[in-house]
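Student: Pasted the sequence and its predicted model underneath.
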Amino acid sequence: MPSANPRPSRSSQPDAQPSLFVAHGAPTFALRPGAAGAALAGAAAALSRPRAVIMVSAHWDTAQPTVGVADRPQTVHDFGGFPEELYRLRYPATGCREAALDVCARLAGAGFVAQTDATRGLDHGAWIPLRMMFPDADVPVIPLSIQSRLGPAHHLALGRALAPLSAQGFLLVASGNLTHNLRDYQLASLGGGSVPAYVRAFPEWIWQRLAAADLPALLDYRRQAPDAARAHPSDEHLLPLFVALGAAGEHAGAERLHAGIDDYVIAMDMFSFRSTQ
């Protein structure tokens, strides 16, 4: 898949990067990218060339923060029951051990006990958006796991530990979805229907709190946001948002890059975060 907008070569002093929260949708998003896919491609085209992508996927969940250090992370098809053509797709990413060790050092410096994994590939939460953003696979990818049992505050701190890397050209891409209810997705897949009210209300509440920089409310979203438990019966698909927010530092400004709904129940909202100071 050739790139229509070749990225300039990396200079000796890389530009500071934002951090991004992107939607990866259902696996079929890879086959039907639509408006959300165009938003991903447009967001990447507007960036200067990153030194590396720190890729945080909702689908890599470990007890402790873990950094992928594979030289050539494999494309992992971690799903079943989808069209055969999905399983033929590959994303020929490369890693960068030097960059991965920089990530490990930042985490250790912030007090995290980080591990490394030399075998971890890229799950669909990683390779699907990366394939749309960097179709030439010309930017090294450093996977980083979430810890779903540790909640939003932990993931905000995880992102803040990595915030200094943005000035060194690291682009943090956190991949999840603003709504993720598998039961509702399965029902919609079987019978279609209409968009439930929570699929609009919950993402709008998140955006309004981000725009207002209301961090206490965001961290307490489980109690304060409308229909939070239905939008996220478990919150692993929202936790990457807090990593991206944290990676922009303590004074993060938010921009909404896309708002939309796929498959009736999957909110595809995406955000960019930059320090305002």
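Tutor: Thanks, I have the structure now. Keep in mind that this is a model prediction, so the values were computed, not measured.
Student: Spit out the contact partners of the residue nearest to Ser19 when sequence neighbours are not counted.
Tutor: Take Ser19 and drop its neighbours on the chain: the residue closest to it by CB to CB, 6 or more residues apart in numbering is Ala247, 3.7 Å away. Bear in mind the C-beta positions are built from the backbone N, C-alpha and C, glycine included. Counting by CB atoms under 8 Å, 6 or more residues apart in numbering, Ala247 touches 19, 54, 159-160, 162-163, 165-166, 172, 174, 273.
Student: Doesn't Ala213 belong to a helix?
Tutor: No. Counting by DSSP: H, G, I helix; E, B strand; the rest coil, Ala213 is not part of a helix but coil.
Student: Just to check, it is in contact with Ala248?
Tutor: No. Contact between Ala213 and Ala248 fails when scored by CB atoms under 8 Å: they sit 10.8 Å apart.
Student: Between those two, which is the more surrounded one?
Tutor: Legend: neighbour count by other CB atoms under 10 Å for Ala213 and Ala248, higher for Ala248 (25 against 14).
Student: can you give me the strands in the stretch 51-200 of the chain?
Tutor: Ranges of strands in the stretch 51-200 of the chain, per DSSP state E, counting those that start in this stretch, are 52-61, 66-68, 115-117, 141-146, 170-176.
Student: List the strands paired with the first one, with their directions.
Tutor: Applying DSSP bridges, strand 52-61 is found paired with strand 141-146 (parallel), strand 170-176 (parallel).
Student: and those strands, which is most packed in?
Tutor: For those, average neighbour numbers computed from mean count of other CB atoms under 10 Å are highest in strand 170-176, which has a mean of 28.
Student: Give the rounded mean pLDDT of that one.
Tutor: Strand 170-176 comes out with an average pLDDT of 98.
Student: How about residues contacting that strand?
Tutor: In contact with strand 170-176 (CB under 8 Å, 6+ apart) are residues 17-24, 47, 50-58, 99, 102-103, 125-126, 129-130, 133, 139, 159, 162, 165-166, 236-241, 243-244, 247.
Student: those helices in the stretch 51-200 of the chain, which residues are they?
Tutor: 84-87, 97-109, 124-133, 151-162, 182-191, 197-211 (DSSP state H, counting those that start in this stretch).
Student: how about these, which one is nearest Pro73?
Tutor: The closest of the helices of the stretch 51-200 of the chain to Pro73 is helix 124-133. By CB to CB, the value is 8.3 Å.
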